[in-house]
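# Predicted model, plus sequence, below.
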Amino acid sequence: MDEDSYKQFRLRWSDLKYSVAMPWSQSRNSNALYTVTNNKKAILDSIDGCAESGQMTAIMGPSGSGKTTLLECLADRRVRCRSGRVTIDGPYRYAKIAYVGQTDTLFDELTVRESITYASKMYNAKKRVRQGHRPSFDAVLSAINGDTLDQIGQVDSHVLIANHVIKKLGLENCATSRIADISGGERKRTSIAVTLVTKPRVLMLDEPTSGLDSYASIKLFAILRKLVSQKPPIAIILSIHQPSVKLINMVDKVYMLSVIGKAVYEGSPLDIESQLNAIGLDVPHDQSCVEMLSEVAAGEHGPAKVQRLVEAVDLRHQDPLYLLVKPGMFRTCIEIAALPHPPSCWKNFRTLLTRHVLLAYRQKALFWTRLMAPLVIATMASYLFGKIGR
């Protein structure tokens, strides 16, 4: 790995806006907290923020505050009605982003290892490593990125990548189990593993703890903590709704959105209480600081409190130290990285065909139905209409 691969970087968004059209009747009767201009409701209203490599950033806020919208705007999944800038401060010209949504897009008939291997075959060009050698995951990915590792032999690099990712995410016990037979936490980790084969610099997760119990959520966060501390460092940005105190203490930064589309807090979870005290609010003993901050963000303590928090965040973003680009870094507009050596159309077709045949074969009833249906229909049609016209 080259030296630049281990340098820190920062993903920054500035003056980010996203609005949706509203019917005229609704815009007249909308809540006074919302910003409505030209019959458009601002989901994100000129927000600034950043996420650094080696850190977990939790995007929080009440329902409808725009957590998923912000993630999808940063991941370039929402382009229409979006404005503003997303840049990267660091030694890279681009940042490869992996996005894991709330809904798992996995095939129930495939095993965990097969799902990850097929993902690697689709994302990475076909490479082989020398027989008798077991290179590290970074060495294999260096070969995929076109470095010096020999590309001859019999060991399939996609299997090596899948095995390494399985070990990294603690999926060894269910590697040979089908997706339909594993737990919700293992499904979520498999979804993350499928995206990790691209070796992203930024990993975005939308509600990763949705549907998981407290133990599975803590286990998932512990694995994410290991991922951000690896080399080269990555940045993890996740949205989360109503986390426990233990979960929130495992993240490095909290980015709280409000119902007016503005950020009301950005910083360490340890500093939330002091920020609430600064606007004249005391946290009750039976309530956590994050819960109290969420109530303020939802407007339950009045628009004046929300506005004071927004002003505090804006003041922080005007700090020269916050805007500073460190030595050795440069700022460029972010782009979703293209694959360095994408597989050919023929290899993609072969991979998809192989996977489709395997899926069809494992769905026994559906497989035989699809196979026999044309024969049965043709026989019936011949019997009923074969003598017409004779």
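All right, it came through fine.
# how much space between Ser14 and Thr68?
According to CB to CB, to the nearest Å, Ser14 stands 20 Å off from Thr68. C-beta: built from backbone N, CA, C; applies to glycine.
# What of Leu315?
For Leu315 relative to Thr68 (CB to CB), the value is 27 Å.
# other SSEs contacting the helix ranked longest in the chain?
Longest helix in the chain, counting residues (DSSP state H): helix 364-385. Helix 364-385 sits against helix 345-362, with contacts defined as 3 or more CB pairs under 8 Å, 6 or more residues apart in numbering; DSSP states H and E.
# in the stretch 1-150 of the chain, which spans are strands?
Assigned by DSSP state E, counting those that start in this stretch, the strands in the stretch 1-150 of the chain fall at 10-21, 36-37, 40-52, 56-60, 82-90, 97-100, 128-129.
# next SSE after the helix or strand that contains Ile223?
Using DSSP states H and E, Ile223 maps to helix 214-228. Per DSSP H and E, the first helix or strand lying C-terminal to helix 214-228 is strand 235-239.
# how far away is Ile237 from Ile116?
22 Å.
# more crowded one of the two?
Ile116 (28 against 25; other CB atoms under 10 Å).
# ok, the more buried one touching Val159?
No - Ile116 lies out of contact with Val159 (CB atoms under 8 Å); the separation is 9.5 Å.
# Could you tell me which residues make contact with Met60?
Met60 sits next to 67, 239-241, 243, 254-257, 290, 294 when contact means CB atoms under 8 Å, 6 or more residues apart in numbering.
# next one: Gly64
Contacts of Gly64 (CB under 8 Å, 6+ apart): Val259.
# if you set the cut-off to 10 Å instead, what comes out?
34, 43, 257, 259, 261, 298 (CB atoms under 10 Å, 6 or more residues apart in numbering).
# Counting neighbours, what do you get for the closest residue to the last one other than its chain neighbours?
Translated: Ala298. In this structure, Ala298 finds its nearest non-sequential neighbour in Pro62, 3.9 Å apart by CB to CB, 6 or more residues apart in numbering. Close neighbours of Pro62, defined as other CB under 10 Å, add up to 19.
# One more: Ser46?
Neighbours of Ser46 (other CB under 10 Å): 16.
# Which pLDDT value belongs to it?
With respect to pLDDT, Ser46 scores 87.
# What segments of the stretch 201-350 of the chain are strands?
202-206, 235-239, 253-257, 263-267, 330-333.
# Quick check, the residue nearest to Ala298 in contact with Val290.
No - with contacts counted by CB atoms under 10 Å, Pro62 stays clear of Val290, the gap being 11.9 Å.
# any common contacting residues for these two?
With CB under 10 Å, 6+ apart as the test, Pro62 and Val290 both reach 242, 256.
# Okay, domains of the protein per the record?
3-350, 351-385 (automatic domain parsing).
# And the last one, what's buried?
Buried residues in domain 351-385, defined by neighbour count with 16 or more other CB atoms under 10 Å: 351, 355.
# Report the mean per-residue pLDDT for that domain.
Here the average pLDDT along domain 351-385 is 82.
# Kindly report the same for stretch 72-88.
86.
# in it, what's buried?
Quick answer for stretch 72-88 (16+ other CB under 10 Å): 72-75, 77-78, 82, 86-88.
# Closest to Leu375 out of those?
Arg77 (43.8 Å; CB to CB).
# Okay, that closest one and His356: tell me how far apart.
26 Å.
# now do Ala312
54 Å.
# out of the strands of the stretch 201-350 of the chain, deepest packed?
Of all those, strand 235-239 carries the top mean neighbour count, a mean of 26, counting by mean count of other CB atoms under 10 Å.
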